[in-house]
Each structure stands twice: as structure tokens, then as C-alpha cells.
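1. Sequence and predicted model, in that order:
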Amino acid sequence: MNPVLQVKQVEKYFGRANNLTRALNQISFEVQPGEFVAIMGASGSGKTTLLNIIAGKEDYDSGAVVFRNDLRVGYLEQMPHYPDGLTVLQACFYSPNETVRLIAEYEQAMASGDHSNLEDILLRMDNLKAWDYEQRTKQILGQLKIHNFDQKMETLSGGQLKRVALANVLITDPELIILDEPTNHLDLEMTEWLEGYLSRANISILMVTHDRYFLDRVCSEIIEIDRKQIYQYKGNYSYYLEKRQERMDALNAEVDRASNLLRK
């Protein structure tokens, strides 16, 4: 199959020219259509840095990040930001997606009272079936327990803002979703709804999360960043734990053998 994403020999350094620290060392992997891939690693291992590089939010020093042609990509950042003054509904339509931007145009016309271009907007909305998007957006927000669609974004709590950002990503119909801690600020009911939603959608996922139960139920592959290298495990979180322990046991046995040889 043609992968939706290829990460090829990506390297990232921090610091100045005379004092560089390598953050990522020749990272390579692929995400295939329909795969749900999680990136694991200790705090500071470079997980969010890697997601930001893939999403185009951060540069890198060498290698390549290649998406399938015309791929629709959504990115849920760990700490999303929106311009002040947007309502919850307007924030959900804060997207380059043509249909979503048309809905935002309609909402702005209704809010401002300027109906001079309304007939044209309504015709375009009919042609793109945009009414379905607006209704689905409100349903998704409701599932995420956001009910005041006119509330200003700057007045939301951190958890509410993250949930609105999640809705913003989901309604754009991405073919690949990049998720940084998607279940933070979700209760059990919302998490179970998200699991069901993702499982029914025809998408691929690349995510970072510390939610072990979510990982176990959702993921089909784990990529671990350890000492700036990656290790890939084709399975869920339980499979990853088992195989990682086997890898660590083999590594420790090799260290013991080397130590014994040095003592002889």
C-alpha cells in the first residue's frame, strides 16, 4: 500500500553551532492507511518535537517528511491556541478546509447582520452540502460536553479549549490525524465516544498519549523513542510492554556478557 506518511532519516539538533545537542537521530518510519500508531518514550525523549516536525510546526536539520499527495491532515496540538474574539462555533470552523471555511463565512454574515452576500453563500453551502457539517459540528461538541456555542474562546478553561480543538480537527474530515495527548481533559464517557468515533472513521492516526487504556484499545503499532533512536512494535500497548521487556532483557544480558569478558 501507498503510505500516508513517510518519515525519512529525520535529525533534529538544539543549541548553537558550537554546542549542539542531538534531539532526534535519523528517525525513519511509515504510517499506512488505516493504521493507528502511537509514539512512546520517556519525558524529554522528543515525542512532541517529532509531532511538531511532522505537522510542519517545527523545522529539522536533515531528512524528509513526505505525505501522500493531496492528503488531508489534522493536528491536535498539546496546547492549542486560537485568536481572541472567536466563539466556540467559529473556532470549530477555523480551518483551511473549503467547506468549513464556507460555514465560517455564513456564521460571520449571520453574526454581523450583513446579508448582502448571503444568497451566494447559501447557494455554495447547498452545493457543498455544508449544512451537514454544521449539524455534525454541534453533535461532536455536544459529545465533548461543550454546549454554549457562542461562548468566547478566551473565556474557556484549558480543558474546554482542548475539547473544542479536538472537535475542530474531527470535523475537517482528515485522512491522517496527528494527536498530542487527545484524552487529556476527557472523562471516561467522552473517551469511549472518541474511541468509537475513530474506529468508525476511515482514517490513519499518529499520536502521543500517556493513556494506557486508550493505547491498548486503539493502537495497532507502537513506536518507542529511546536514546534518540526508534523501536517499532506491531501491536497494541500490552504487546509493546511484552516485547520491550524482551528487548531490555536481551540488552541487559549482552551488557552482563561484556562485563564478564572484561573481568577475565
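-> Everything's here; your move. Numbering: from 1, shown residues only.
2. who touches stretch 226-238?
-> Here stretch 226-238 makes contact (Cβ atoms under 8 Å, 6 or more residues apart in numbering) with 22-29, 38, 41-42, 45-46, 212, 215-224, 239-240, 243-244, 247. Heads up, the C-betas are built off the backbone N, CA and C, glycines and all.
3. quick one: low-confidence parts of the stretch 1-150 of the chain?
-> 96-97 (pLDDT under 70).
4. how far out from the middle of the chain is the strand or helix carrying Val100?
-> Assigned by DSSP states H and E, Val100 belongs to helix 98-112. Helix 98-112 has its C-alpha centroid displaced from the chain centroid by 25 Å (Cα atoms, centre = their mean, to the nearest Å).
5. going forward, begin numbering at 53 instead of 1
-> Right, with 53 as the first residue, what we last looked at is helix 150-164.
6. and it, which residues are buried?
-> Residues of helix 150-164 classed as buried: 151-152, 154-159, 161 (neighbour count, 16 or more other Cβ atoms under 10 Å).
7. can I get those residues in CSV with distance to Val307?
-> Shown next, in CSV, are the buried residues of helix 150-164 (distance: Cβ to Cβ, whole Å):
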residue, distance to Val307
Thr151, 56
Val152, 54
Leu154, 60
Ile155, 59
Ala156, 58
Glu157, 62
Tyr158, 64
Glu159, 61
Ala161, 67
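8. Would you mind measuring from Met259 to Leu238?
-> 13 Å (Cβ to Cβ, to the nearest Å).
9. of these two, who's got more company?
-> Set side by side, Met259 and Leu238 show more neighbours around Met259, with 24 against 21, by other Cβ atoms under 10 Å.
10. what about the more buried one, helix or strand, and which?
-> With DSSP H and E as the test, Met259 turns up in strand 256-260.
11. still on that earlier bit, got a PyMOL select line for the buried ones in the contacts of stretch 278-290?
-> The buried subset of the contacts of stretch 278-290, as determined by 16+ other Cβ under 10 Å, is captured in PyMOL by this line:
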select buried, resi 75+76+77+79+81+90+93+97+98+267+270+271+272+273+274+275+276+291+292+295+296
